[in-house]
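**Q** Give the three-dimensional model of this entry:
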Amino acid sequence: MVIVHVFVRVKQEAIEAFKDASRENARNSVLEPGVARFDVMQQNDTPERFLLVEVYRSEVATSQHKQTSHYGQWRDTVDSMMAEPRYSIRYTNVFPEDAAW
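**A** As a prediction, the model looks like this:
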């Protein structure tokens, strides 16, 4: 498993549009065979901050995801909504060892 946390801060006026675009991307992402989970979360105390938790079945699946039309559409749509550049951190599952998301 490859787990990617994507940290996003959007402009205040773009919050709802970002949520709409991210929901659409997530709906399509979970249909990809290499995607085990795709969560979009909004921070409670700072609503312009979001966390995307993406869980892939393999490293190859992460590359395949970035080649999909829905990812490209999301990336292009939300680019102007960013209050600062988004960044990601990759993780490897430690426990449970046999997680089968």
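**Q** From residue 95, how far off is the most centrally placed residue in the chain?
**A** The chain has residue 52 as the residue nearest its centroid, 3.7 Å off, counting by CA atoms, centre = their mean. To residue 95, residue 52 is 22 Å away according to CB to CB, to the nearest Å. (Glycine included, C-beta is placed from N, CA and C.)
**Q** Ok, residue 69 next?
**A** 35 Å.
**Q** now swap in residue 6 and tell me
**A** 22 Å.
**Q** now the strands for the chain?
**A** With DSSP state E, the ranges of strands along the chain come out as 2-9, 35-42, 49-56, 87-92.
**Q** Off-centre distance for the last one?
**A** Which is strand 87-92. 11 Å (CA atoms, centre = their mean, to the nearest Å).
**Q** Would you mind listing where the protein has pLDDT under the threshold?
**A** The chain contains residues with pLDDT under 70 at 98-101.
**Q** Okay, angle between the lengthiest helix in the chain and strand 2-9 too, please.
**A** As assigned by DSSP state H, the longest helix anywhere in the chain is helix 15-29. Put simply, helix 15-29 runs at 160 degrees to strand 2-9, going by axes from the mean of the first three to the mean of the last three CA atoms, to 10 degrees.
**Q** Helix 15-29: how far from the chain's middle?
**A** Going by CA atoms, centre = their mean, where helix 15-29 is centred and where its chain is centred differ by 9 Å.
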